[in-house]
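Undergrad: Sequence isn't available, so here's the structure alone:
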DNA sequence: TGGTGGGGAGAACGGTCGTTCTCCCTGGTG
DNA sequence: CACCAGGGAGAACGACCGTTCTCCCCACCA
């Protein structure tokens, strides 16, 4: 058990709490209590709360990347990959407990653009946009970069709408 | 001075701070210090911090409504009104100190959908969507409600893109 | 067998949170 | 003139924040 089991429990409960109630809304006490872990153990695995936050975001980033997989190199495959990604976003919107995009929400709580949290958000969004742009390009789109920007914009709008309005707007 | 001058100062500085640093990020002490007001004065005008938050959001809502004005009843006027509103969003994106939509950000910090803050957010968004839908209808759009939903979705996407990416995507 | 390190239990820190309190001063209005 | 609401000044509250600390237990491995 290299990932130390206690650390894993810590990260798992923290992820759920941070997403459901906001980063600033849950304290370290709350996390360690719900993870059945002592304060000392927490600080043995994470230098501070902020590191736990970026660990959460990195985990979400990794999960999304794994779920999406690598976009295929051929045109037909890339197009299907894009449609699949779009459908995945649509499904996510209607899932129970959906509370918007973790990265957008986390960014709303962290004004400093140079903070590690904002850096993690930027990394994820950069990956998403370049991956989508690559797929658009391989699918034969004449302006992949612009199309990707538009796709991400639509995705963001859908995320907000799914949180603050009815998720029936999954027709992006 | 019916609006009590001190209360106005309080609300003005609170609005700036809440928007720039997030609701949970600024404390009452911070607000009263920056407004050059004592704690007692604050609690004489607002029952608590939450009321200050909804007062802020209501102020933004009122400002947006006033800025937009009433959509004209004729088709040509309604179309122009929609274009004007869209252009206003685009301008806002590129303005200095832009940090996304206050309502989206505030909602991200308040998980409880029944909280007064979320209620204020919902009111504003409801007004926006119905106003846009009405304008679409008067402009001759065959499906005003769907068009308004789409318009709001694009607006939301543009808001987060303007905050987390370059605001050059003002071409919505 | 003797470490060594991960984990549990809990006290304590300084700071900040939102909130309430008392006291006094001042400017207008009856 | 008497009054009193609006505001300034500041102490105090209990709770929570993130963080650090000591002490002890136990499983594993050399």
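TA: Structure received. As the structure is a computational prediction, the values presented were derived from the model and not from experiment.
Undergrad: hey, let's count contacts and neighbours off CA atoms from now on
TA: Fine.
Undergrad: residue in chain A nearest to DNA strand D?
TA: Per C-alpha to the nearest atom of the strand, residue A:27 is where chain A lies closest to DNA strand D, at 2.9 Å.
Undergrad: Do me a favour and get the backbone dihedrals for that residue.
TA: The phi/psi pair for residue A:27 (degrees, to the nearest 10) reads phi -100, psi 170.
Undergrad: so how many other residues sit close to it?
TA: 13 (other C-alpha atoms under 10 Å in any protein chain shown).
Undergrad: again, but for residue A:43
TA: 11.
Undergrad: And it, how far from residue A:8?
TA: Residue A:43 sits 14 Å away from residue A:8, going by C-alpha to C-alpha, to the nearest Å.
Undergrad: got the contact list for the longest helix seen in chain A?
TA: Secondary structure of chain A per DSSP state H: the longest helix is helix A:116-138. Helix A:116-138 has contacts (C-alpha atoms under 8 Å, 6 or more residues apart in numbering or on different chains) with A:50, A:53-54, A:57-58, A:61, A:71-75, A:78-79, A:81-82, A:103-104, A:106-107, A:110, A:112-113, A:143-145, A:147-149, A:151-152, B:164.
Undergrad: low-confidence ranges in chain A?
TA: Counting by pLDDT under 70, chain A shows low-confidence ranges at A:1-3, A:166-172.
Undergrad: Tell me the residues of it that contact DNA strand D?
TA: Residues of chain A lying close to DNA strand D by C-alpha under 7 Å from any atom of the strand are A:24-30, A:39-40, A:43, A:47-50.
Undergrad: please redo it, this time with the cut-off set to 6 Å
TA: A:26, A:27, A:28, A:29, A:39, A:40, A:43, A:48, A:49 (C-alpha under 6 Å from any atom of the strand).
Undergrad: which two of these lie the greatest distance from each other?
TA: Farthest-apart pair in these is A:26 and A:40; separation 18.0 Å (C-alpha to C-alpha).
Undergrad: Who has more neighbours out of the two?
TA: residue A:26 (15 against 9).
Undergrad: Other residues contacting the one helix or strand residue A:19 maps to?
TA: According to DSSP states H and E, residue A:19 maps onto helix A:6-21. By C-alpha under 8 Å, 6+ apart, the surrounding residues in contact with helix A:6-21 are A:23, A:25-26, A:31-32, A:34-35, A:37, A:41-42, A:45, A:52-53, A:55-56, A:97, A:99, A:102, B:109-111.
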